[in-house]
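**Q** coords please:
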Amino acid sequence: MAKYPFETIEPKWQRYWETHRTFKAVEDPAFPKDKRRYVLDMFPYPSAQGLHVGHPEGYTATDIYCRFLRMRGHNVLHPMGFDAFGLPAENYAIKMGTHPALTTAANINRFRTQIKALGFSYDWDREVDTTDPAYFKWTQWIFLKLYEKGLAYEAESPINWCPSCKTGLANEEVKDGLCERCGTKVTRKRIRQWILKITAYAERLLDDLEGLDWPEPVKLMQWNWIGRSEGANVRFKIAESPDTVSAGGRREAAEGLFLEVYTTRPDTLFGVTYMVLAPEHPLVGRITTAAQKAAVGAYLEAAARKSDLERTDLAKEKTGVFTGAYATNPVNGEKVPIWIADYVLISYGTGAIMAVPAHDERDWDFAKAFKLPIVLVVSPDKPASPDKPSPDKPSPDKPVAADGAGRDYAGEPAACTAADGWAVNSGRFNGLPTAEAKEKVTAWIEERGFGKKAVNYKLRDWIFSRQRYWGEPIPVVHCEKCGIVALPESALPLQLPAVESYAPTGTGESPLAGIEDWVNTSCPRCGGPARRETNTMPQWAGSCWYYLRYLDPRNAETFAAKDKIAYWAPVDLYVGGVEHAVLHLLYSRFWHKVLYDLGLVNTREPFQRLVNQGMILGEDNQKMSKSRGNVINPDDIIKEYGADSMRVYEMFMGPLEVSKPWMTAGLVGVSRFLERLWAIGQKPAGDEPEGVIPPQLLRLLHQTVKKVTNDTASLNFNTAISQMMIYSAELAKLPAVPRSLWEPLVKMVSAYAPHLGEELWEQLGYHESIAKSPWPDYDEALTAEAELTIVVQINGKIRDKFSAAPGSAGSELEGRALALPGVKKWLEGQKVIKMITVPDKLINIVVKQA
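**A** Residues are numbered from 1 along each chain as shown. Here you go, the predicted model:
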C-alpha cells in the first residue's frame with residue numbers, strides 16, 4: 001500500500017487555505033436565513049503547556065460539520081479566538097519571572113500554530129484576544145451598562161478566598177471546597193468586592209432553558225444551581241429578656257428588631273424550637289449578650305476558617321453557640337432561643353433559619369447535640385379526629401432554660417420525619433394535609449403582617465472582582481465628593497499600567513492599589529481628586545460576550561453592528577465541555593439577556609444548540625494530566641501520522657458525546673485507511689465496462705452517500721467513517737476505479753481528512769478547492785438492497801433464514817418460510833397457532849404441541 005505523504009501535502013494545503021482565505025465568511029444577502037449557520041467552539045485559554053490530544057476533539061467535530069454545511073450550500077461562520085486574561089496566565093508569569101502580557105502572547109502564538117496544523121477551517125480574519133485593548137474596551141463598556149442598570153454594585157461581603165491564588169472566588173469557582181484553578185482549600189474572607197446582580201435574572205434564566213436544544217443534564221445543572229423554591233418570608237420579633245436588657249444598652253439595640261427567615265415549609269412554624277443565624281449575619285453583633293460575647297467571638301473566628309463545603313457537610317459533628325437572645329414565634333407567641341451555627345450560610349435565603357428539628361435532619365442533629373426541644377407538627381398518618389382548633393390569639397409563652405437549651409417535650413418523636421403528611425400540634429391548622437396547610441398558614445401570617453409568600457433562589461449574586469493584576473480594569477473611580485463615578489466611553493479602554501511587580505498582596509487589595517501614579521486620577525464628574533478602582537474583572541468577563549465580537553471584530557464604534565448581529569445570531573451550534581455548565585454558560589446567558597433588554601441584540605438566548613464533547617482519556621483510562629504522565633502531545637502525533645490521521649481517529653473513537661480512552665493502535669488503523677485512500681487515488685481512472693457500473697457497487701455508493709450525509713448532519717462521525725471504510729475497501733479491489741464511484745468518496749473524505757481530500761481532488765484535475773464543490777447526492781431508490789435476508793423464528797428462536805426481494809408480500813414470505821427444510825423439521829408434531837410477520841425482516845411462527 002502506497003504511503004500517504006502527509007508531511008508535504010498537509011503544509012501545502014494549509015498555505016493554500018491561508019493565502020486564498022478559503023474560509024472567510026461574508027454577510028452575503030443572497031443566502032436566506034435558513035442557509036446561514038453560526039458554528040462555534042468554546043474558545044481556549046492559551047496555556048503554556050499547549051494543546052493535548054483532547055483539546056482538538058470538539059474543534060475537529062465542528063470543522064467536519066462546517067465543511068459539510070458549506071458543501072451543502074450554507075454560508076457558514078466558524079471563528080476562533082483566545083480567552084487570555086485570568087489567574088492561570090498571571091500565576092504562570094510569576095513562576096517564570098516574566099510579564100503576563102509577554103507569556104500570554106507567546107502562548108497564543110503557540111496555540112494558533114498548533115490549531116492551524118490540524119487544518120481547521122476557521123475564518124482567522126475574525127480572531128479575537130480578550131487581552132487586546134480593542135476587545136476589552138467593549139468588555140468595560142458592557143460593564144458600565146450593567147452599572148447603569150443597577151446590576152453592578154460594590155459591597156463588603158464574605159467571599160470564598162483562595163490563600164494560594166490570593167484572590168476571591170465566585171461560588172461557581174469552588175469545587176468540593178477547593179479552588180477550581182489550583183486545588184487549594186478555600187477559606188472565607190470579608191473584603192470589598194464588585195458584585196453583579198445575576199439574581200435579578202434568575203426567573204428568566206430558568207424559564208428560557210425550555211426552548212434551548214441543550215443536553216438535559218446541562219439544563220438540569222443550571223436548574224439546580226439557580227434553585228428556585230416557593231415558600232414564605234416570616235418575621236420573628238427579637239424578644240427582650242433580663243439578660244439582653246442588662247447587657248449595657250441592649251434594650252435600645254434589641255427593641256424593634258426582627259429576624260426574617262425564608263422557609264419552604266411555613267406549615268411547620270408551630271414546630272420551631274430554636275433559631276439559627278449564619279456566623280456572618282449582621283444581627284449577630286447586635287443581639288449577642290454580654291455573657292455570651294466571648295463564646296460567640298471565638299466561634300465566629302473558628303467558622304471563618306472553614307469553607308462552605310466543610311460547614312454544610314451533613315456527616316460532620318454539629319457545632320454552635322447560643323447568643324443569649326430570643327425571638328418570638330409569631331404563630332404561638334413562644335420564645336425560642338437564637339443560636340449561631342456554621343451549617344447555616346449567609347449566601348442562602350436570609351442567612352437565618354427557623355429550626356424545626358422534628359422534620360429536618362440537620363436541625364434534628366443540632367437539637368440532639370444541644371438538648372433543644374423537638375416538637376412533631378407533621379404526622380405521616382391522617383389524624384382520626386383533628387384536635388380542636390386553637391383561637392387566633394397566640395398561646396402563652398412556655399418556659400425556656402436560661403442557657404438556651406430547652407426541656408424535652410412529652411411525646412418527643414423517635415426519629416426525624418421530613419415527608420409530607422397532616423398537620424398536628426398546629427392549632428387551628430390541625431388535620432390539614434401539607435399542601436393545604438402551607439397555603440393557609442402563609443395566608444394567615446400575611447393577614448397579620450408576620451410574613452408573606454415568597455420565591456427564593458439558591459443562586460447568589462456573582463462575585464465579580466478579583467484582587468489580581470492580569471484582568472480587565474474596572475472602569476470606575478472613587479471620588480470623595482461624588483462617590484463611585486463611571487468613566488465616560490471616551491476614556492475607554494482603561495488599560496493596565498506597565499509594571500514590574502504584579503504579585504498578589506493577599507491583603508484583599510489588588511497589586512494595582514500600590515501603583516500611585518495609576519491609581520491617583522481626577523473625577524470625570526467634578527474634576528476633583530479620585531482613585532481608580534484597583535480590583536480587576538475575572539477571566540469570565542471576556543468570555544461572556546466573545547461570540548458577539550466575532551460578528552464584527554474590527555468595529556471601533558460598537559461591539560458589533562446590528563446588521564451583522566441580525567445576519568448571524570444566535571449561535572446555531574456551540575460545542576464545548578460540560579464543565580462550563582454553571583460558569584461560562586450561565587454568565588454569558590445573563591449578559592446576553594441584559595444586552596437584549598438594552599435593545600443591543602436580537603435574541604433572548606446566545607446559544608440555540610449545545611453539544612458537550614466527551615473527554616479523551618489517557619491510554620490508562622484516566623484523565624490526561626502531567627502528574628499522571630499520560631498526556632499525548634498532538635505535535636508528536638502529527639509528526640508521525642499526520643493531522644488527517646489524528647482528526648479521523650478522534651472522530652472514529654466513538655460517539656462525540658462519550659468519553660473514551662486514547663489508543664495508539666486505533667490511530668494506526670485509521671492511518672492505514674488513509675493510506676488505502678491514497679493508494680486508490682494513484683490507480684488509473686477506469687472506464688465502466690460498456691458504460692455500466694456493477695450494480696452492487698452502485699448500490700453501495702448510494703448507501704454510503706446516504707449514511708455519511710445523515711450521520712455527518714447528526715454529528716455521528718464515527719459511523720460515517722466506518723461506512724467510508726467499507727466502501728473504500730470495495731473500491732480498493734478494483735484494478736481501475738471509475739471516476740463516478742471515486743469522486744463522491746473524495747468529496748466526503750475531504751470533510752474529515754481535508755488535506756488528503758484536497759490533494760486527491762487536485763489529482764482528479766480540479767483547480768479550485770474541494771471545499772467549494774457541492775456535496776454528493778444519492779438516489780433513494782438506488783440505496784435499496786436487491787435482496788434481503790428474512791429470519792425465520794419458531795416461538796422466538798431462530799431456526800432458518802432465506803433471501804427475498806424488498807417489499808415482498810407477507811403471504812409470500814410465510815409460504816416460503818413454511819417450505820424451508822429447517823423449519824419443517826421443527827414443526828413436526830406441532831400445531832401452528834399464528835404467524836407474525838415483520839416486513840423485510842423476520843417471521844415468527846408460534847406453535848404448540850399438537
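**Q** My guess is residue 641 contacts residue 664. True?
**A** No - applying Cβ atoms under 8 Å, one finds residue 641 not in contact with residue 664, separated by 9.2 Å. To be clear about C-beta, it is placed using only N, CA and C from the backbone, and glycine gets the same treatment.
**Q** between those two, who's got more neighbours?
**A** Higher neighbour count among residue 641 and residue 664: residue 641, with 19 against 12, using other Cβ atoms under 10 Å.
**Q** Would you map the helices across the stretch 201-350 of the chain?
**A** Remark: helices assigned in the stretch 201-350 of the chain by DSSP state H, counting those that start in this stretch are 202-207, 216-226, 242-245, 250-254, 284-287, 293-304, 308-312.
**Q** What residue, apart from its backbone neighbours, is nearest residue 162 spatially?
**A** Nearest residue to residue 162, sequence neighbours excluded (Cβ to Cβ, 6 or more residues apart in numbering): residue 179, at 4.1 Å.
**Q** mind checking the backbone torsions on the one you found?
**A** The phi/psi pair for residue 179 (degrees, to the nearest 10) reads phi -60, psi 130.
**Q** State the pLDDT value of it.
**A** Residue 179 carries a pLDDT value of 85.
**Q** Pairing partners for it in the sheet, please.
**A** On the basis of DSSP bridges, residue 179 is bridged to residue 174.
**Q** Check the helices of the stretch 201-350 of the chain for me and report the most buried one.
**A** Highest mean neighbour count of the helices of the stretch 201-350 of the chain: helix 284-287, a mean of 18 (counted as mean count of other Cβ atoms under 10 Å).
**Q** hey, C-alpha coordinates of it in CSV?
**A** What follows is helix 284-287, C-alpha atoms only, in CSV (Å, rounded to 0.1, in the frame of the first residue of the first chain):
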residue,chain,number,x,y,z
VAL,A,284,-25.1,38.7,65.5
GLY,A,285,-23.3,41.7,66.9
ARG,A,286,-26.5,43.5,67.9
ILE,A,287,-28.2,40.7,69.8
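**Q** mean confidence for stretch 142-160?
**A** What stretch 142-160 shows for mean pLDDT is 93.
**Q** quick check, distance from that stretch to the centre of its chain.
**A** How far stretch 142-160 lies from its chain's middle: 23 Å, per Cα atoms, centre = their mean, to the nearest Å.
**Q** Need the distance between the two termini of that stretch.
**A** Counting by Cα to Cα, to the nearest Å, you get 25 Å between the two ends of stretch 142-160.
**Q** Over to stretch 28-39?
**A** Across stretch 28-39, the terminal residues are separated by 17 Å (Cα to Cα).
**Q** Including mean pLDDT and distance to residue 141, could the helices of the stretch 201-350 of the chain go into CSV?
**A** Output for the helices of the stretch 201-350 of the chain, formatted as CSV (pLDDT from 0 to 100; distance: least, Cβ to Cβ, whole Å):
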stretch, mean pLDDT, distance to residue 141
helix 202-207, 97, 23
helix 216-226, 96, 27
helix 242-245, 48, 52
helix 250-254, 46, 45
helix 284-287, 94, 40
helix 293-304, 92, 37
helix 308-312, 73, 34
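**Q** Show me the helices in the stretch 751-850 of the chain, by range?
**A** Here the stretch 751-850 of the chain has its helices, by DSSP H, counting those that start in this stretch, at 754-763, 810-819, 821-827.
**Q** so what does the second one touch, helix or strand wise?
**A** Meaning helix 810-819. If you count contacts as 3 or more Cβ pairs under 8 Å, 6 or more residues apart in numbering; DSSP states H and E, helix 810-819 packs onto strand 788-794, strand 797-804, helix 821-827, strand 830-838, strand 842-849.
**Q** mind checking pLDDT for the spatially most central residue of the chain?
**A** Geometric centre of the chain, nearest residue: residue 581, 1.0 Å, by Cα atoms, centre = their mean. Looking at residue 581, its pLDDT reads 87.
**Q** That one reaches residue 223, doesn't it?
**A** No - counting by Cβ under 8 Å, residue 581 does not reach residue 223; the two are 10.5 Å apart.
**Q** that older thread, could you dump the helices of the stretch 201-350 of the chain into JSON lines and include distance to residue 711?
**A** As requested, these are exported to JSON lines (distance: least, Cβ to Cβ, whole Å):
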{"stretch": "helix 202-207", "distance to residue 711": "34"}
{"stretch": "helix 216-226", "distance to residue 711": "22"}
{"stretch": "helix 242-245", "distance to residue 711": "73"}
{"stretch": "helix 250-254", "distance to residue 711": "71"}
{"stretch": "helix 284-287", "distance to residue 711": "62"}
{"stretch": "helix 293-304", "distance to residue 711": "56"}
{"stretch": "helix 308-312", "distance to residue 711": "43"}
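**Q** how about those, which one is nearest residue 419?
**A** Among those, helix 216-226 comes nearest to residue 419, with 21.1 Å by Cβ to Cβ.
**Q** Give me every residue in contact with the closest one, excluding its own residues.
**A** Outside of helix 216-226, the residues within contact range by Cβ atoms under 8 Å, 6 or more residues apart in numbering are 172, 202, 205-206, 209, 212, 457-459, 578, 581-582, 585-586, 610, 612.
**Q** Centre of the chain to that helix, how far?
**A** The chain centroid and the centroid of helix 216-226 are separated by 8 Å under Cα atoms, centre = their mean.
**Q** Could you do stretch 463-477 as well?
**A** In terms of Cα atoms, centre = their mean, the centre of stretch 463-477 is found 24 Å from the chain centre.
**Q** Show the average pLDDT along that stretch.
**A** Averaging pLDDT along stretch 463-477 gives 94.
**Q** now swap in stretch 25-41 and tell me
**A** 98.
**Q** same deal with stretch 343-352?
**A** Average pLDDT, stretch 343-352: 85.
**Q** can you give me the end-to-end distance of that stretch?
**A** For stretch 343-352, the first-to-last residue distance is 10 Å (Cα to Cα).
**Q** just the strands in the stretch 351-500 of the chain please.
**A** Taking DSSP state E, counting those that start in this stretch, the strands of the stretch 351-500 of the chain run over residues 352-355, 378-379, 422-423, 451-457, 462-463, 476-479, 483-486.
**Q** Summarise which helices and strands the third one is packed against.
**A** Counting contacts by 3+ Cβ pairs under 8 Å, 6+ apart, strand 422-423 packs against strand 378-379, helix 434-447.
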